[in-house]
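please work out how this folds:
(2 chains)
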2 protein chains.
Amino acid sequence: MTNQHQVKVELAERRYDILIGRNLVSDIGERARALNIRTAFIVTDTNVGALYRAQVTSSLEKAGTHVSVLTLAAGEATKSFEQLERILDAALDAKIERGDCLIALGGGVIGDLTGFAAAILRRGVRFIQIPTSLLAQVDSSVGGKTGINARHGKNLIGAFHQPSLVIADTALIDTLPVREIKAGYAEIVKYGLINDAHFFNWCEKNVHDIFEGGPTREEAVAYSCRAKAAIVGRDEREDGERALLNLGHTFGHALERLTHYDSSRLVHGEGVAIGLCLAFRFSADLGLCSMDDAQRVSHHLHSVGLPTQLADIPGGCGNADDLLEAMYQDKKVKAGALTFILAKGIGDSFIAENIDPAQVKQFLTHALSH
Amino acid sequence: MTNQHQVKVELAERRYDILIGRNLVSDIGERARALNIRTAFIVTDTNVGALYRAQVTSSLEKAGTHVSVLTLAAGEATKSFEQLERILDAALDAKIERGDCLIALGGGVIGDLTGFAAAILRRGVRFIQIPTSLLAQVDSSVGGKTGINARHGKNLIGAFHQPSLVIADTALIDTLPVREIKAGYAEIVKYGLINDAHFFNWCEKNVHDIFEGGPTREEAVAYSCRAKAAIVGRDEREDGERALLNLGHTFGHALERLTHYDSSRLVHGEGVAIGLCLAFRFSADLGLCSMDDAQRVSHHLHSVGLPTQLADIPGGCGNADDLLEAMYQDKKVKAGALTFILAKGIGDSFIAENIDPAQVKQFLTHALSH
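Next up is the predicted model:
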């Protein structure tokens, strides 16, 4: 715990802390006691549970907290109505009351699902996030978006519900497959691209140390959480500025949809990596930013082994019409108009409403032929 | 529309109006247009739909709003996870986007269920309440509590989600069975008992006209909405004062549970009527209020044909232990302690925490023997 960071998410009565550092999980019991939590209901998945469930449970029990655990199957399919009902039913069986707490021990799937269950159980109970993937530590565990998938698309059912505490233990990243570290890294880079060219420079220089672990990783996670918390603090419900966090995501979500959320072909962070490159290339095509900046983004993401173009997707992703259709399914569509996050340069993104679908199609047709 | 009332619910950016009057339903199209609603998804039930669905749809379509309708089975069993998923799926099929609107056309079941669907569809879309029962007009359509039932009890899963507009058309009450009007009336009386002795007096004098219809009914509905809106405006999430609205409900909910939510034996408003009488008798037993006040409450509710004691429930409701156990299931239980709303007199209720279960049991044993 030599390099511990604390990020405060400033949301008035819903304010909370994100703690970032190595081996924080073993302190969860004392943290829960400080929040006056007497009874906790942990939701985890088969993979993460096998590694960390005992450690978390034992720390909580030592601190006098009564604990129940529910272990779900690992994977995106768990973000379903069926598993949501299963959590709620089990939490009620465990007699979880209004002042009690749900704990999400896992990656984005477990975090989103458990956070949503906490949002609607007895019209809202507290929850603690212990994100175990790099992606969840720098993105999904910050900002209070919770939800499940519908037949029509991802995250179409959900709620805004802020956690009471987030514990990002960077030692947990050590056990991740390198592909998942890369996927999380795409979201870290995104924060530089949105509004901080200096941080993007820093990433270019420090990428090796972030992957290796050590204090640089904690710094990258803390910077990302701080960047997201700042935006969420100003626009919790995405009425404006928060949409910038979707940089790369309109393309990325469409790609995930067209590859049927098959993680053997494309995981979320990889879709975002390609999406970031496409957003910059599209911006360059529209004369908004320089081609040099677009190439610099692609070059950096490619250098860590992330996919950067449509041709990198195994099995392809359909034609331009398929992509456009998939983008229209995104829940950010308003009254039929497409909204993109585009950029005037690295660290200079903006919300572009009412983008002409014909221009998007022309760009995609071109992108598919390269 | 000679006696139209407007109640403003003051909740900052979630503020909205409740309109009360006869034949307001036929204006819904213009109201929706004023709120800039282009696409609406109506949820109703078989009973209400048969009577009013065509009128509502036609008014909306004349105003240029695109409309879809989903009709569910009437009855409490519809407040289920299964029907919630059905609404969400159908609304997504109908391509309901973030700026669109769900419309609840029905009583409390349809209102609670549809409001909850609106709360979690795309992390929140707008909704309009058209409450068609007296109970829903004076209680459940005001204040933003939405939800469904779980195996463990009623309303255990839900959200706070305020409507954009409530249209309480008092002409719709004309077609209600008198038993349902009585049940709604119990909630009207409750507002006087909570904090306005003058309104209770007014009810005693005007009860006949309220049941008959006409301007007095509109006044009673408007008063009730205003009373609830005032409390909700000060305490939206029930951190304090809002709990006063549960006067009669800790007993009432237990009675509903013990009669298995069988509406042939007991409907919600009847449970509340008995609960109000018990709350006042228990208060008198504890020396908090006069026996005269307790008797006056029972006498008035009895005079309109509402049940006022445990013996009035067809088939009974178990023994004192059963009742106490059922009260412990209520979601207002905090860390195992029972909270009651008690009264120092008519119009002078208060939140009583940490009530000794032994005293409750003694009171119930006595109440069961009378």
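
can you give me the helices for the stretch 1-150 of chain A?
A:28-34, A:46-62, A:81-93, A:108-120, A:134-135 (DSSP state H, counting those that start in this stretch).

cool, the stretch 151-300 of chain A as well?
Under the criterion DSSP H, counting those that start in this stretch, the stretch 151-300 of chain A contains helices at A:178-195, A:197-212, A:215-234, A:249-258, A:268-285, A:291-303.

picking up where we left off before, and of the helices of the stretch 1-150 of chain A, who's closest to residue A:281?
Among the helices of the stretch 1-150 of chain A, helix A:134-135 comes nearest to residue A:281, with 23.4 Å by C-beta to C-beta. C-beta coordinates here come from the backbone N, C-alpha and C atoms, glycine included.

from the contact counts, what lies against the closest one?
With contacts taken as 3 or more C-beta pairs under 8 Å, 6 or more residues apart in numbering or on different chains; DSSP states H and E, helix A:134-135 sits against helix A:178-195.

mind doing that once more with 10 Å?
When contacts are defined as 3 or more C-beta pairs under 10 Å, 6 or more residues apart in numbering or on different chains; DSSP states H and E, helix A:134-135 packs onto helix A:178-195, helix A:215-234, helix A:268-285.

go through those and name the closest to chain B.
Checking these against chain B by C-beta to the nearest C-beta gives helix A:215-234 as the closest, at 13.6 Å.

hmm, that closest one touching chain B?
No. Applying C-beta under 10 Å from any C-beta of the partner chain, one finds helix A:215-234 out of contact with chain B, separated by at least 13.6 Å.

just the pLDDT at the residue in the stretch 1-150 of chain A positioned nearest to chain B, thanks.
Here the stretch 1-150 of chain A gets closest to chain B at one residue, residue A:92, 4.3 Å apart by C-beta to the nearest C-beta. For residue A:92, the pLDDT comes out at 96.

same check on residue A:265?
In the predicted model, residue A:265 carries a pLDDT score of 95.

that one is in contact with residue A:274, isn't it?
No. Counting by C-beta atoms under 10 Å, residue A:274 is not a contact partner of residue A:265; they are 11.9 Å apart.

common neighbours of those two, please.
A:255, A:313, A:317 (C-beta atoms under 10 Å, 6 or more residues apart in numbering or on different chains).

so what's the second one up against?
The contact partners of residue A:313, by C-beta under 10 Å, 6+ apart, come to A:255, A:258, A:259, A:265, A:266, A:270, A:271, A:274, A:307.

now swap in residue A:342 and tell me
For residue A:342, the contact set (C-beta under 10 Å, 6+ apart) comprises A:247, A:279-280, A:282-284, A:286, A:288-289, A:348-352, A:355.

is it true that it lies in a strand?
Yes. Read with DSSP: H, G, I helix; E, B strand; the rest coil, residue A:342 is one of the residues of a strand.

just the helices of the stretch 151-300 of chain A: most buried one?
Scoring those by mean neighbour count under mean count of other C-beta atoms under 10 Å in any protein chain shown gives helix A:268-285 as the most buried, with a mean of 26.

what residues sit buried inside stretch A:84-92?
Across stretch A:84-92, burial judged by 16 or more other C-beta atoms under 10 Å in any protein chain shown covers A:84, A:85, A:86, A:87, A:88, A:89, A:90, A:91, A:92.

residue A:266: what's it in contact with?
Counting by C-beta under 10 Å, 6+ apart, residue A:266 makes contact with A:183, A:252, A:255-256, A:258-260, A:273-274, A:307, A:312-315, A:317.

let's see that with 8 Å instead.
Residues in contact with residue A:266, defined by C-beta atoms under 8 Å, 6 or more residues apart in numbering or on different chains, are A:255, A:256, A:259, A:307, A:313, A:314.

so for residue A:333, what's the pLDDT?
Listed pLDDT for residue A:333 reads 58.

next: residue A:75.
pLDDT, residue A:75: 90.

also residue A:150?
At residue A:150, pLDDT is 93.

burial count for it?
Residue A:150 has 22 neighbours, counted by other C-beta atoms under 10 Å in any protein chain shown.

likewise residue A:126?
By other C-beta under 10 Å, 22 other residues sit near residue A:126.

against residue B:94, how distant is whatever residue of the stretch 151-300 of chain A ends up closest to chain B?
Nearest to chain B in the stretch 151-300 of chain A, going by C-beta to the nearest C-beta, is residue A:152, at a distance of 4.3 Å. From residue A:152 across to residue B:94, the span is 11 Å (C-beta to C-beta, to the nearest Å).

residue A:196: which of the buried residues of stretch A:84-92 is nearest?
Nearest to residue A:196 out of these is residue A:84 (C-beta to C-beta; 36.0 Å).

what sits against that closest one?
Applying C-beta under 8 Å, 6+ apart to residue A:84 gives the contacts A:113, A:116, A:117, A:148.

tabulate those residues (JSON lines), appending neighbour count and distance to chain B.
Converted to JSON lines, the contacts of residue A:84 look like this (neighbours: other C-beta atoms under 10 Å in any protein chain shown; distance: C-beta to the nearest C-beta, whole Å):
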{"residue": "A:113", "neighbour count": "27", "distance to chain B": "13"}
{"residue": "A:116", "neighbour count": "28", "distance to chain B": "8"}
{"residue": "A:117", "neighbour count": "30", "distance to chain B": "9"}
{"residue": "A:148", "neighbour count": "23", "distance to chain B": "9"}
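
kind regards, and thank you for your time.
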